[in-house]
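Trainee: one predicted model, sequence on top.
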Amino acid sequence: MKLKTRTLTAVLCAFVIFFAEAAAQTPTTTAVTQLTTEQTAMLTEASALSRRVIELNNGRKHDEAMPLAERTIRLRKTALGENNVLVADAISNLAGLYVGKQDYERAEIEFRKALAIYESVGGVPNNMGYVLNSLALLCWATRDYGKAEAYAKRAIDLNEKLHGEQSAQFLESLNILIKISISADKTNQRNAALSRSLSVFEKHKDKMDRPSLFRYRCILSEGKQNPEASALKNRIEVLLDWHDPTPAPSSVGVLNGRAVTLMKPEYPREARAARVSGTVVVEIEIDECGNVSKVRMLSGPSMLWSACERAAKLSRFSPTFVNGFPIRVVGELRFNFVKL
């Protein structure tokens, strides 16, 4: 499964949080009555294995955790049958390990298995929101926005019913729908979801996700402005107690490793023919939103400057925060050209 490069880190970070929360919710008991001694022993072992899987996952020891997660599934299936919430929980934890291993195709397969069991059992299993969020993110990362949106909306409804609109689970599902809407260029849906999220933050400021709000402020500032976008931006600025950024950018050194998207400059045909090589150093200024606002060539073969300037302007960076506020920064990009 091929993911959008720029979304890979975000997806991984989100899954680490989801897996930890979901695994922590794995029950140690079951409502099934009249278990035999053998079935009870199986479920006790499965619970111990599940706790060990959590520990190994937190230590990023996914290969070591994998056989334990698979045995947990087998034990629960044997003791409880194929269609049981505990079996689905174990399968979703296995899917989380596949995410850790960056095997997203297999992760989606396992998450779909878990979801099918939850749906067959009925009700609103606690772990189902995690599975829906996970599938939404996987579909979003592979640009299948229709499926991603459907999963996210189901997760929003379920988490609101289970946990309430002030819960981290509900707000995370809403945040995922906002991301999907931005990528799918569904402005009305984005604004509606963002407004709903802001309504919660306005009542409960302790729930705010400041980095995300700053990011959404930047998105609302782009392109043609309209009253709805301006109103949302103003609401965000009030929540964040926004003030103007520092007048002078802070120097942060070499920026190559801090890029969200670092464009690779083309090797100009005339420079290649002349066997021109070396390192081009470009000074760039990055605004509060992570966009390159200024470019200045510092050193390197002049035949390579135009290509490097274009690449620098198209690169994107994570915003730099100081005391909870994004600031402008200045630093260098280094592009290396090697003779063929």
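Mentor: Looks like it came in fine.

Trainee: CA atoms for contacts and neighbours, from now on please.
Mentor: Fine.

Trainee: can you give me the strands in the stretch 151-300 of the chain?
Mentor: 250-254, 259-261, 278-286, 292-299 (DSSP state E, counting those that start in this stretch).

Trainee: measure stretch 206-225 end to end?
Mentor: Taking CA to CA, to the nearest Å, stretch 206-225 runs 29 Å from one end to the other.

Trainee: nope, stretch 308-324 is what I meant
Mentor: So stretch 308-324: terminal residues 32 Å apart, CA to CA.

Trainee: contacts for it?
Mentor: Residues outside stretch 308-324 that contact it (CA atoms under 8 Å, 6 or more residues apart in numbering): 210, 258-266, 280, 282, 284, 286-297, 326-329, 333, 335.

Trainee: hang on, the earlier thing: now for the strands of the stretch 151-300 of the chain, which one comes closest to Ala141?
Mentor: strand 259-261 (14.8 Å; CA to CA).

Trainee: show the average pLDDT along the closest one.
Mentor: Averaging pLDDT along strand 259-261 yields 89.

Trainee: ok, now stretch 204-221?
Mentor: On average, stretch 204-221 scores 86.

Trainee: under the pLDDT cut-off, which ranges of this structure? List them.
Mentor: 1-33, 223, 244-247, 340 (pLDDT under 70).

Trainee: let me have the strands of the stretch 151-300 of the chain in CSV, extended by distance to Ser92 and mean neighbour count.
Mentor: What follows is those, written out as CSV (distance: least, CA to CA, whole Å; neighbours: other CA atoms under 10 Å):
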stretch, distance to Ser92, mean neighbour count
strand 250-254, 40, 13
strand 259-261, 29, 17
strand 278-286, 40, 20
strand 292-299, 40, 16
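
Trainee: out of these, which comes closest to Ala48?
Mentor: Among the strands of the stretch 151-300 of the chain, strand 259-261 comes nearest to Ala48, with 39.5 Å by CA to CA.

Trainee: list the contacts for Val87?
Mentor: Val87 sits next to 73, 76-77, 80, 114 when contact means CA under 8 Å, 6+ apart.

Trainee: 6 Å instead?
Mentor: Counting by CA atoms under 6 Å, 6 or more residues apart in numbering, Val87 touches 73, 76.

Trainee: would you mind measuring from it to Tyr118?
Mentor: Taken as CA to CA, the span from Val87 to Tyr118 is 9 Å.

Trainee: before we move on, what about Arg316?
Mentor: With the distance defined as CA to CA, Arg316 ends up 40 Å from Tyr118.

Trainee: kindly report the same for His243.
Mentor: For His243, the distance to Tyr118 equals 47 Å [CA to CA].

Trainee: what's the local residue count around Ser47?
Mentor: Using other CA atoms under 10 Å, Ser47 is surrounded by 21 other residues.

Trainee: whoops, I mixed them up, Arg196
Mentor: With other CA under 10 Å as criterion, Arg196 counts 14.

Trainee: before we move on, what about Lys264?
Mentor: Applying other CA under 10 Å, I find that Lys264 has 15 neighbouring residues.

Trainee: now it: how far from Ile286?
Mentor: 18 Å.

Trainee: repeat for Glu160
Mentor: Counting by CA to CA - Glu160 and Ile286 are separated by 38 Å.

Trainee: for Leu135, same thing?
Mentor: Note on Leu135: its distance to Ile286, by CA to CA, is 34 Å.

Trainee: quick check: Arg334 is in a strand.
Mentor: Yes - counting by DSSP: H, G, I helix; E, B strand; the rest coil, Arg334 is found in a strand.

Trainee: list the contacts for it?
Mentor: With CA under 6 Å, 6+ apart, Arg334 has these contacts: 280-281.

Trainee: and the nearest residue to Thr72 once chain neighbours are set aside, which of the three is it?
Mentor: Spatial nearest neighbour of Thr72, chain neighbours left out: Ala46 (4.8 Å); criterion: CA to CA, 6 or more residues apart in numbering. Secondary structure state of Ala46, per three-state DSSP, is helix.

Trainee: any figure for the gap between the closest residue to Glu237 other than its chain neighbours and Lys233?
Mentor: Of all residues not flanking Glu237 in the chain, Arg217 sits nearest, at 7.8 Å (CA to CA, 6+ apart). Noted for Arg217: a distance of 6 Å to Lys233, by CA to CA.

Trainee: thinking again about what came up before, ok, the residue nearest to Thr72 touching Ile73?
Mentor: No - checked against CA atoms under 6 Å, the pair Ala46 and Ile73 is beyond contact range at 7.9 Å.
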